[in-house]
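1. what's the 3D shape of this:
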Amino acid sequence: MTNSLTAKRLSLMRRLYIALDVAAVLEYLHHNIEPPIVHCDIKPSNILLDDDLVAHVTDFGLAKIMHAEVWKKNHGGSESSSLAVKGTIGYVPPEYGSGYGVSTDGDIYSYGMLLLEMLTGKKPTDSFNLGETSLVNYVKMAYPNKLLEILDASATYSGNTQDVMDLVIHPVFRLALACCQGSPRRRIKMDCVVEELNAIKKACAALMGVHDEANVAT
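-> Numbering: from 1, shown residues only. Next up is the predicted model:
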């Protein structure tokens, strides 16, 4: 398992599967463990693909266990522990820079940035057109009518373009932006992300005649 996500040219459908793999891991860490675990460094280089192109989240060196008393008080971890926060520029949520500590909401923001990068091929630290200074604003400028213009050209797909736009591209961009809300409390939770991605995957599979991962083009 040596292939980094950043080193692969992948179809749109394969990117959807990878996005779901990563979301499922975060759902487990955030919702199936009490107190939850926050990864703290979700980014492309920490997503490795095995020989079957199944995604695995790696490098838990910065991971934090939410304080049990904080978790119980807030019923979902929307507030933080007071532990020092580290991460990677571009993927760290904005609230961390203003003294807000570790939270599951921080992972959600980082996941949203990962998803935007997977869709556009742009890194959060890249330069953008029209004077935009962030990947989020770059996507917001194109949403919802100009998404094809910013979709990574190597994210190939089959089928009618409008169908793919309606069933895959538009809803996945919408989901990514929902993860990247500036306010932590407004971000969609990871269990809802997984639910929505599964629905998109099902619709996409029906559209393209794909019934299992083995049939998804790379």
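2. For burial, what's the neighbour tally of residue 64?
-> 22 (other Cβ atoms under 10 Å). For every residue, glycine as well, the C-beta is placed using N, CA and C.
3. is it true that it touches residue 40?
-> Yes - here residue 64 reaches residue 40: they are 5.9 Å apart, a contact under Cβ atoms under 8 Å.
4. Now list whatever residues contact both of those two.
-> residue 102 (Cβ atoms under 8 Å, 6 or more residues apart in numbering).
5. ok, and what's touching stretch 158-172?
-> By Cβ under 8 Å, 6+ apart, the list of residues contacting stretch 158-172 reads 12-13, 16, 19, 115, 119, 144, 147-148, 151, 157, 196-197, 200, 203-204, 207-208, 217.
6. Need the buried ones from those residues selected in PyMOL.
-> Buried members of those, defined by 16 or more other Cβ atoms under 10 Å, are picked up in PyMOL with:
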select buried, resi 12+13+16+19+115+119+147+151+157+196+197+200+204+207+208
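7. Among the contacts of stretch 158-172, which lie within helices?
-> 12-13, 16, 19, 115, 119, 147-148, 196-197, 200, 203-204, 207-208 (DSSP state H).
8. got any ranges where the chain has weak pLDDT?
-> 1-2, 6-7, 67-86, 130, 208-217 (pLDDT under 70).
9. again, only this time at 90
-> Applying pLDDT under 90 to the chain flags residues 1-9, 34-35, 65-87, 97-102, 127-133, 158-159, 203-218.
10. What segments of it are helices?
-> Under DSSP H, the chain gives helices at 12-31, 68-74, 104-120, 135-142, 147-150, 161-164, 170-179, 190-208.
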